[in-house]
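Trainee: this is a predicted model, with the sequence first.
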Amino acid sequence: MYDYLVVGAGLYGAVFAHEAAANGKSVLVIDKRNHIAGNVYTEKIQGIHVHKYGAHIFHTNDKEVWDYVTKFATFNRFTNSPVANYKGELYSLPFNMYTFNKMWGVVTPQEAMDIIEAQKKEAGITEPKNLEEQAISLVGKDIYEKLIKGYTKKQWGRPCNQLPSFIIKRLPVRFTFDNNYFNALFQGIPIGGYTKMVENMLDGIEVRLGVDYLENKEQYDSIASKIVYTGAIDAYFDYKLGALEYRSVKFDTEILDMPNFQGNAAVNYTDEETLWTRIIEHKWFEFGKDEQGNELPKTVISKEYSSEWKQGDEPYYPVNDEKNSKLYLEYKNLADKESHVLFGGRLGEYKYYDMDAVIASALKVCKTCGLYK
Ligand code: UDP
């Protein structure tokens, strides 16, 4: 009998398992994939840590979370500054003075603000009700059309006027010359890869891979007093109230026999016609060098394609629109009645969490369980 069975060896599960074990609890971690680290999993290819399930750039304003993760890895000084490619025109992201200068030729912040204000007025927006209106009121119509509209439609498979505005509020808008994508005090990539970091969290803890909890639920439930479930909440209940919608992502990864393909870790293709949303060139997360500081002769790139999730696909992004949020609450009601199960993480809570928020949420639950102070 274990004190805790943790279902899912991603960040949430690893943090919970670490704290439980550190408090003398017996813990078993299982995952249906054949590797740990969930979607932050990195695999070394040609000396490069490839982010197999999409780019993960750790960033946080939460000192407690930063102090926590840095116990398990040393972070490099990577700062995310993606480039947007709109039909061959390149723009700086997030939206800042470099973007405004390239778009309109403006030189001062006041000139940029005046254009945005005029475009917002022309669109007649006072209180933004959806992502489209929110975007236009933040950055004006031109930037919306070239850098947001097509990308968002590809990413979410829905037009911007059917999406919640909070999605675009994730991105900063700055009237300074600052290409740092995040407003975060702390940022970086774990040296040696995320897999190593999660391995350190799970050090000394029993982990079984390639096993599916839901397929043998009764048996697994019988071996632990409490279950920490980090899979999809609707799957747990066998979709009995209907399936929640997710976006899935597919990656087309290639090794290229050249040292530098695009000169940046992330290039977003913001037009609607290009089929992929972005191309990641993984070596730039580590400045093009291996752990010994050698330049790498080859490069690995991943084209990222977004699609609607269907059963059998990996769920990535919860679609937190009105309809799905309502359905989630119904599942949450059921979940609250499963007193021996804790539901956590992006899939367990159906929430568009960043990594730092996942860790904060796991630590909060650990505190409630008396496992963390
Ligand atoms: N977005 C956009 N153009 C871009 C980058 C982002 O319109 O070039 C919008 C898009 O709607 C996206 C949202 O901003 O879903 C949030 O972007 P973020 O980079 O935070 O998404 P993630 O990295 O989590 O996929």
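Mentor: On my side now, so go ahead. Residues are numbered from 1 along each chain as shown.
Trainee: ok now stretch 32-41, how far from the chain's centre?
Mentor: Put simply, stretch 32-41 sits 14 Å off its chain's centre (C-alpha atoms, centre = their mean, to the nearest Å).
Trainee: with stretch 134-153 instead?
Mentor: On the basis of C-alpha atoms, centre = their mean, stretch 134-153 sits 21 Å off its chain's mean C-alpha point.
Trainee: what's the average pLDDT for it?
Mentor: Computed over stretch 134-153, the mean pLDDT rounds to 97.
Trainee: quick one: buried residues of the longest helix seen in the chain?
Mentor: Ranked by residue count, the top helix of the chain under DSSP state H comes out as helix 322-337. Buried residues in helix 322-337, defined by neighbour count with 16 or more other C-beta atoms under 10 Å: 324, 327-328, 331, 335. From N, CA and C alone the C-beta is placed, and that goes for glycine too.
Trainee: next: stretch 88-103.
Mentor: 91-101, 103.
Trainee: hmm, the one helix or strand His49 maps to touching the ligand?
Mentor: Per DSSP states H and E, His49 falls inside strand 48-51. No. If you take C-beta under 6 Å from any ligand atom as the test, strand 48-51 misses the ligand, and the best it gets is 11.4 Å.
Trainee: next helix or strand past that strand?
Mentor: As assigned by DSSP H and E, the chain's next helix or strand after strand 48-51 is strand 58-60.
Trainee: contacts for that next one, please.
Mentor: Contact partners of strand 58-60, identified using C-beta atoms under 8 Å, 6 or more residues apart in numbering, comprise 66, 69, 75, 80, 182, 184-190, 354-356.
Trainee: same thing but at 6 Å, please
Mentor: Strand 58-60 has contacts (C-beta atoms under 6 Å, 6 or more residues apart in numbering) with 66, 182, 184, 186-187, 355-356.
Trainee: from those, which two are the most distant?
Mentor: Trp66 and Phe182 (12.9 Å; C-beta to C-beta).
Trainee: quick one: pLDDT of Gly210?
Mentor: The model reports Gly210 with a pLDDT of 98.
Trainee: so which of the buried residues of stretch 88-103 are also by the ligand?
Mentor: Near the ligand, taking C-beta under 6 Å from any ligand atom as the test, the members of these found are Leu93.
Trainee: pLDDT and secondary structure for the buried residues of stretch 88-103 - can I get that in TSV?
Mentor: Putting these into TSV (pLDDT from 0 to 100; DSSP: H, G, I helix; E, B strand; the rest coil) gives the following:
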residue	pLDDT	secondary structure
Tyr91	98	strand
Ser92	98	strand
Leu93	98	coil
Pro94	98	coil
Phe95	98	strand
Asn96	98	coil
Met97	98	helix
Tyr98	98	helix
Thr99	98	helix
Phe100	98	helix
Asn101	98	helix
Met103	98	helix
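Trainee: can you pull out the strands in the stretch 251-373 of the chain?
Mentor: 266-269, 278-281, 299-308, 317-318, 341-343 (DSSP state E, counting those that start in this stretch).
Trainee: which bits of the stretch 201-350 of the chain sit near the ligand?
Mentor: 268, 270.
Trainee: closest one to Leu241 out of the buried residues of stretch 88-103, please.
Mentor: Nearest to Leu241 among the buried residues of stretch 88-103 is Pro94, at 37.2 Å by C-beta to C-beta.
Trainee: can you name the residues that contact that closest one?
Mentor: For Pro94, the contacting residues are 171-172, 181, by C-beta under 6 Å, 6+ apart.
Trainee: who wins for neighbours among those residues?
Mentor: Tyr181 (21 neighbours; other C-beta atoms under 10 Å).
Trainee: now that residue. Nearest residue, chain neighbours left out?
Mentor: Using C-beta to C-beta, 6 or more residues apart in numbering and skipping residues adjacent in sequence, the residue nearest Tyr181 is Asn80, 4.1 Å away.
Trainee: helix/strand/coil for that neighbour?
Mentor: Assigned by DSSP: H, G, I helix; E, B strand; the rest coil, the conformation of Asn80 is coil.
Trainee: quick one: it and Phe285, what's the gap?
Mentor: Separation of Asn80 from Phe285 (C-beta to C-beta, to the nearest Å): 9 Å.
Trainee: before we move on, back to that, closest to the ligand out of the contacts of strand 58-60?
Mentor: Closest to the ligand out of the contacts of strand 58-60 is Phe182 (8.9 Å), distances taken as C-beta to the nearest ligand atom.
Trainee: checking the closest one next. Helix, strand or coil?
Mentor: Secondary structure, three-state DSSP: Phe182 is coil.
Trainee: ok, for it, nearest residue in space, not its chain neighbours?
Mentor: Nearest one to Phe182, counting by C-beta to C-beta, 6+ apart, is His59 at 4.2 Å.
Trainee: and His56, by the same measure?
Mentor: Using C-beta to C-beta, 6+ apart, the closest residue to His56 is Val40 (5.0 Å).
Trainee: what sits against that neighbour?
Mentor: With C-beta under 6 Å, 6+ apart, Val40 has these contacts: 11, 56, 194.
Trainee: count of residues packed around the first one?
Mentor: By the criterion of other C-beta under 10 Å, Leu11 has 28 neighbours.
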